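Student: sequence below, structure please.
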Amino acid sequence: MTVGADARRQRKRIVLKFGSGILTHANTARLDPKQISRLTAEVAALIQRGHQCITVTSGAVAAGMGALSLKERPLDLATAQASAAVGQSKLMRAYETAFARYKLNVAQLLLTHSDLDSRIRRGNAKNTIERLLATCNVVPIINENDSVAVEELKFGDNDRLSAEVAMLATADLLLILTQVDGLMDQKGNVIRRVRDIDRVKALATEGRARFAVGGMISKLEAVKMAVEAGIPTAIINGRQPDRIAAIVAGEQAGTRFVARQSVSRTHKRKRQ
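Tutor: Residues are numbered from 1 along each chain as shown. Just a heads-up that it's a prediction; the model follows:
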């Protein structure tokens, strides 16, 4: 079947950020195979429709906690980094197994913010991502290099990294998946669309879960980076099925943040 011009224009490059809270069981340190299976199935469905997908994942610390006999997320940096070192291979094995069901391979990229601040290393990372996406059967799985970096462990659960990756890859859409339905107003209702993040910052609360760090404040900071770079962004509930497909299809789900610039991301990538 020949794909028409309209279908080609609808194809997107999508960055999906999976936080620790949606990758683990609610009451244990272990990864939740059912959650990973469902999330990877939804990503695979997007790829089958012609979209390009990059996953920014947390979860390495949580994945390693069991091996270190930890019942709570470690508070000291050395133990958190040790847990991440143990858990990273377990996390990648889980993704590899899940995506293999759809004949998709995974590629691990461990980055730090200093990598993205370096012109040479940033260029190398961008070239690697472009080459991986060109194969059409590889899903780049990006995590912060927690064994040597500290930003994600202390602050943002990879929220900022997801925005930086979206900008690096000139993405068409950034999806931040978390444990809530979106940004809530003072009455507890989901705000469906936001055009000015500064006006809703007061609604955000910070949080620290047993197996995750970060909260809505760090997510809004990441959103602001992305939308100011012209990348539409959404915060959605990663524990509810079909939210990813709904957002990509333009349906109502979570909170959408309107990009400040109207930029043709595909055209920009071609120029680069």
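
Student: ranges for the strands of the chain?
Tutor: Shown for the chain, the strands assigned by DSSP state E span residues 13-18, 52-57, 105-111, 138-144, 173-178, 193-194, 233-237, 255-257.

Student: need the per-residue pLDDT for Leu111.
Tutor: Here, the pLDDT recorded for Leu111 equals 88.

Student: partners of it in the sheet?
Tutor: Counting by DSSP bridges, Leu111 forms beta bridges with Glu144.

Student: that one: neighbour count?
Tutor: By other CB atoms under 10 Å, 21 other residues sit near Leu111. Glycine gets a C-beta too; all of them are placed from N, C-alpha and C.

Student: can you tell me how far the residue nearest to Ala44 when sequence neighbours are not counted sits from Ala85?
Tutor: Nearest residue to Ala44 in three dimensions, chain neighbours excluded: Tyr102, at 3.9 Å (CB to CB, 6 or more residues apart in numbering). With distances taken as CB to CB, to the nearest Å, Tyr102 is found 29 Å from Ala85.

Student: kindly report the same for Ala60.
Tutor: Ala60 is 8 Å from Ala85, by CB to CB.

Student: higher neighbour count, those two?
Tutor: Between Ala60 and Ala85, counting by other CB under 10 Å, Ala60 is the more crowded of the two (32 against 17).

Student: show the contacting residues for that one.
Tutor: With contact taken as CB atoms under 8 Å, 6 or more residues apart in numbering, Ala60 is in contact with Ser83, Ala84, Gly87, Gln88, Leu91, Asn143, Asp146.

Student: 7 Å - rerun?
Tutor: Ala84, Gly87, Gln88, Leu91, Asn143, Asp146 (CB atoms under 7 Å, 6 or more residues apart in numbering).

Student: tell me how far stretch 170-178 is from the chain's mean position?
Tutor: Stretch 170-178 sits 7 Å away from the centroid of its parent chain (CA atoms, centre = their mean, to the nearest Å).

Student: ok, stretch 216-225 next?
Tutor: 13 Å.

Student: and what of stretch 119-128?
Tutor: That offset, for stretch 119-128, works out to 19 Å (CA atoms, centre = their mean).

Student: and the contacts of it?
Tutor: Outside stretch 119-128, the residues within contact range by CB under 7 Å, 6+ apart are Leu109, Leu111, Asp115, Leu116, Leu168.

Student: wait, the second one sits on Pro140?
Tutor: No: taking CB atoms under 7 Å as the contact criterion, Leu111 and Pro140 are not neighbours in contact, 10.7 Å apart.

Student: burial count for Thr112?
Tutor: Neighbour tally, Thr112, other CB under 10 Å: 18.

Student: which stretches of the stretch 151-272 of the chain have low pLDDT?
Tutor: For the stretch 151-272 of the chain, the stretches with pLDDT under 70 are 151-157, 205-214, 261-272.
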